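**Student:** My questions concern the predicted model and sequence given below.
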Amino acid sequence: MTHLLCAALVDPSPEDMLASAARAALDGADLVEFRMDALRPAPSVSHVAFLLDRSPLPAVVTCRSREQGGSLELPRALRLDILLEAVRRNSAYVDVEWPGEPPLVEARRSSASNTRIISSFHDFDRLPPDLPSILEKMESGPADVVKAAVACHCASQSALLLDLVSRGSKPRIVIGMGLPGLPTRVLGPLHGAEFTFAALDAARRSAPGQPSLSDMLRLFRIRSISPATRIIGVVGNPLGHSLSPLLHNTVFRILDIDAVYLPFEVTSDPADFVMQWSSLHRLDGLSVTIPHKSAVMKACSRIDEETSSIGAANTLYPVPGVGFAAANTDAPAITDVLKTALGASSLRNKSVLVLGAGGAARAAVYGLASAGCDVALSNRTGSRSASLAADFHVRCVPWASRASLRPDILVNMTSVGMHPDVSSTPIDASALSPGMLVFDAVYNPLDTRLLREAAAAGAVTVPGTEMFLRQAARQLKLWLGIDDPPLDDMRRTMLDALHETS
């Protein structure tokens, strides 16, 4: 199966654009898209000849109007002249706004050109409800390929868009713009898309949510995706800073596992997403993060006793003949991490203060109470902490009084201190003392204010990366039966990524 990858180039000069084309060729692209509307001060017909005569790769020539995503307002006649010149010079493709194909078709016939004509439709605000009929109308025209790029506000929509790719009478490219649409870009060729697009690098995207060439080739390994590839991912909102795709795809690469891990940014009911995606496409496992750990359980046919008691799932995996099963790998991960930090085989009788009352906090309270700890719980919203404390028969401490405790272990399960709010901390430094063990579930940034102040107070500190790694290792066991994941490589991958963003 061929997975053609086109690097979209948006440089301001023909010389820079040509240099980028050379880099794209070295980096592994199959095609380049010359976005002529990106040229400054304005593109000309002569620029087409300059680029096509020297391009190291087959080229798509595109010249958008501002309304259709172009960066300049160019006369329609100039845009058409540029595309006509590309046809006469036998560009691999020209991309024209629908319905603007007839002059290009005639130019192709008269010049005996082999250029393939792409007819394009864009909607930067929404996914039009009549998109299937729009694509059918486009296919009734003379274009060789039809392409739609529409706003995608939830990963549930990406499932529908991917389904449209394989339903055409002509080759299609159907793209969801924005992070929720990323699955359409990675999996589009698997469903028959003519090709898919990538930016030369993250700083030079030509459309919202467009991944980099490096990510497409080395993170998602698009070349190796086949009908047998296992589709796994993370469901949450937002997911822009999630390290889960990097971590799990790195494991798949190291262990040579035929799987790809995708971000599924879901803004609606996560259970609806799971059922919709799995009804249209393969879904071989999911991580679940904020804010969907409870609601996603409605999509599961089997929920183990621990997960049911916690009331939150962070892992879904398929069970043949049953459907999806829900598990929670956070609870055992937190106890594993704390025992390792203490060099102890048990946490029994340790006093613990847990901050937070969300899904991750529920898992922590359950795991620590089950391990025999004396658990106290505090949260900014008192009603939530009171309810959670009652569920697991632990003490509830008012948020205003949290600093008065001196527990053996302090566990932060709130998002306070998470990027970009890195100057905040969930508890005053005066509450920290020598010998205390302080764990912060926040892992971005790696060195949170809480951990810095705890270390200064003489406490033992544990970053959120450790829990993240332990729960991820348990997920790999559930999804793929991996007993011995490369934890050192996983840790190094996470730390490198966090240092790059710090």
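**Tutor:** Thanks, I have the structure now.
**Student:** show me what contacts the residue nearest to Asp374 when sequence neighbours are not counted?
**Tutor:** Leaving out its chain neighbours, the residue that sits closest to Asp374 by CB to CB, 6 or more residues apart in numbering is Ser351, at 4.6 Å. Heads up, the C-betas are built off the backbone N, CA and C, glycines and all. Neighbour list for Ser351: 373-374, 376, 405, 407-409 [criterion: CB atoms under 8 Å, 6 or more residues apart in numbering].
**Student:** Pull the number of nearby residues for Val322.
**Tutor:** Per other CB atoms under 10 Å, the neighbour tally for Val322 reads 10.
**Student:** What distance do you get for it to Pro129?
**Tutor:** In this view, Val322 and Pro129 are 34 Å apart by CB to CB, to the nearest Å.
**Student:** Start and end of stretch 296-315, how far apart?
**Tutor:** Taking CA to CA, to the nearest Å, stretch 296-315 runs 10 Å from one end to the other.
**Student:** Identify the residues contacting that stretch?
**Tutor:** 235, 269-272, 274-275, 285-289, 293-294, 316, 319, 322-331, 359-360, 362-363, 366, 391, 471, 474-475, 478-479.
**Student:** Identify the spatial nearest neighbour of Gly356, chain neighbours not counted.
**Tutor:** Nearest in space to Gly356, with sequence neighbours left out and distances taken as CB to CB, 6+ apart, is Met413 at 3.6 Å.
**Student:** any idea of the pLDDT on the one you found?
**Tutor:** Note on Met413: pLDDT of 96.
**Student:** Compute the first-to-last residue distance for stretch 416-430.
**Tutor:** Stretch 416-430: ends 17 Å apart by CA to CA.
**Student:** make that stretch 178-198, sorry
**Tutor:** 13 Å.
**Student:** And stretch 316-325, by the same measure?
**Tutor:** End-to-end for stretch 316-325, by CA to CA: 6 Å.
**Student:** related to what we said a few turns ago, may I see the PyMOL selection of the buried members of the contacts of stretch 296-315?
**Tutor:** Buried residues among the contacts of stretch 296-315 (16 or more other CB atoms under 10 Å), as a PyMOL selection:
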select buried, resi 235+269+270+271+272+274+275+285+286+287+288+289+293+294+316+324+325+326+327+328+329+330+331+359+360+362+363+366+471+474+475+479
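**Student:** Which strand or helix spans Ala143?
**Tutor:** Remark: Ala143 resides in no helix or strand, with elements defined by DSSP states H and E.
**Student:** That one and Arg172: what is the separation?
**Tutor:** Using CB to CB, we find Ala143 at a distance of 11 Å from Arg172.
**Student:** Which one of these two is surrounded by more residues?
**Tutor:** Comparing Ala143 with Arg172 by neighbour count (other CB under 10 Å), the higher total belongs to Ala143, at 26 against 22.
**Student:** Touching, the more buried one and Thr115? I think so.
**Tutor:** No: judged on CB atoms under 8 Å, Ala143 makes no contact with Thr115 at a distance of 11.3 Å.
**Student:** and the residue nearest to Val165 when sequence neighbours are not counted, what are its phi and psi?
**Tutor:** Counting by CB to CB, 6+ apart, Val165 lies nearest to His191, which is 4.2 Å off, once chain neighbours are set aside. Backbone torsions of His191, given as degrees, to the nearest 10, read phi -100, psi 10.
**Student:** Asp81 versus His191, what's the distance?
**Tutor:** For His191 relative to Asp81 (CB to CB), the value is 35 Å.
**Student:** Now Leu377: phi and psi?
**Tutor:** Dihedral pair for Leu377: phi -130, psi 140, per degrees, to the nearest 10.
**Student:** Just list whatever residues bridge to it.
**Tutor:** With DSSP bridges applied, Leu377 shows beta-bridge pairing to Val354, Cys396.
**Student:** Would you confirm that it contacts Asp391?
**Tutor:** No: Leu377 lies out of contact with Asp391 (CB under 8 Å); the separation is 10.1 Å.
**Student:** can you give me the strands for the stretch 301-450 of the chain?
**Tutor:** Listed in chain order, the strands of the stretch 301-450 of the chain (DSSP state E, counting those that start in this stretch) span 302-303, 315-319, 323-327, 351-355, 374-378, 395-396, 409-412, 437-440.
**Student:** Please state the offset of the second one from the chain centre?
**Tutor:** If I follow you right, that is strand 315-319. Mean-position distance between strand 315-319 and its chain equals 19 Å (CA atoms, centre = their mean, to the nearest Å).
**Student:** any idea how this protein splits into domains?
**Tutor:** Listed by automatic domain parsing, the domain ranges of the chain are 5-227, 232-328, 331-462.
**Student:** And the second one, end to end?
**Tutor:** For domain 232-328, the first-to-last residue distance is 16 Å (CA to CA).
**Student:** what's the answer for the first one, then?
**Tutor:** The separation between the terminal residues of domain 5-227, taken as CA to CA, is 18 Å.
**Student:** Quick one: mean pLDDT for it?
**Tutor:** Mean pLDDT, computed over domain 5-227, is 96.
**Student:** ok, now the shortest one?
**Tutor:** Across domain 232-328, pLDDT averages out at 96.
**Student:** gap between Cys396 and Leu377?
**Tutor:** Taking CB to CB, one finds Cys396 at 6 Å from Leu377.
**Student:** Quickly list what's touching both of these two.
**Tutor:** Joint contacts of Cys396 and Leu377 (CB under 8 Å, 6+ apart) are 385, 389.
**Student:** The nearest residue to Pro238 once chain neighbours are set aside: how many residues sit nearby?
**Tutor:** The shortest distance from Pro238 to any non-neighbouring residue, by CB to CB, 6+ apart, is to Glu265 (6.5 Å). Using other CB under 10 Å, Glu265 has 27 other residues around it.
**Student:** dump the residue contacts of Glu265.
**Tutor:** Taking CB under 8 Å, 6+ apart as the criterion, Glu265 is in contact with 154-155, 179-180, 236-239.
**Student:** let's go with 10 Å and repeat that
**Tutor:** Counting by CB atoms under 10 Å, 6 or more residues apart in numbering, Glu265 touches 152-155, 158, 178-183, 209, 233-240, 242, 273.
**Student:** do Gly181 as well
**Tutor:** 127, 149-155, 157-158, 161-162, 174-175, 207-210, 265.
**Student:** got it, and Ile175?
**Tutor:** So Ile175 contacts 122, 147-150, 152, 158, 161, 165, 181-182, 184-185, 188, 193, 196-197, 207, 209-210 (CB under 10 Å, 6+ apart).
**Student:** which helix in this structure runs the most residues?
**Tutor:** When the chain is scanned for its longest helix (criterion: DSSP state H), the result is helix 464-480.
**Student:** now the angle between strand 315-319 and it, please.
**Tutor:** Interaxial angle of helix 464-480 relative to strand 315-319 (axes from the mean of the first three to the mean of the last three CA atoms, to 10 degrees): 10 degrees.
**Student:** for helix 464-480, which positions count as buried?
**Tutor:** 464-477, 479-480.
**Student:** and if you look at stretch 478-493?
**Tutor:** Within stretch 478-493, the residues that count as buried by 16+ other CB under 10 Å are 479-480, 482, 485-486, 490, 493.
**Student:** and the gap between the residue nearest to Val165 and Cys154?
**Tutor:** Distance of His191 to Cys154, computed by CB to CB: 19 Å.
**Student:** Who has more neighbours out of those two?
**Tutor:** Set His191 next to Cys154 and count neighbours by other CB under 10 Å: Cys154 wins out with 22 against 18.
**Student:** residues touching the residue nearest to that one when sequence neighbours are not counted, list them.
**Tutor:** Distance criterion CB to CB, 6+ apart; nearest residue to Cys154, sequence neighbours excluded, is Thr267 at 4.5 Å. For Thr267, the contact set (CB under 10 Å, 6+ apart) comprises 153-157, 180, 237-238, 273.
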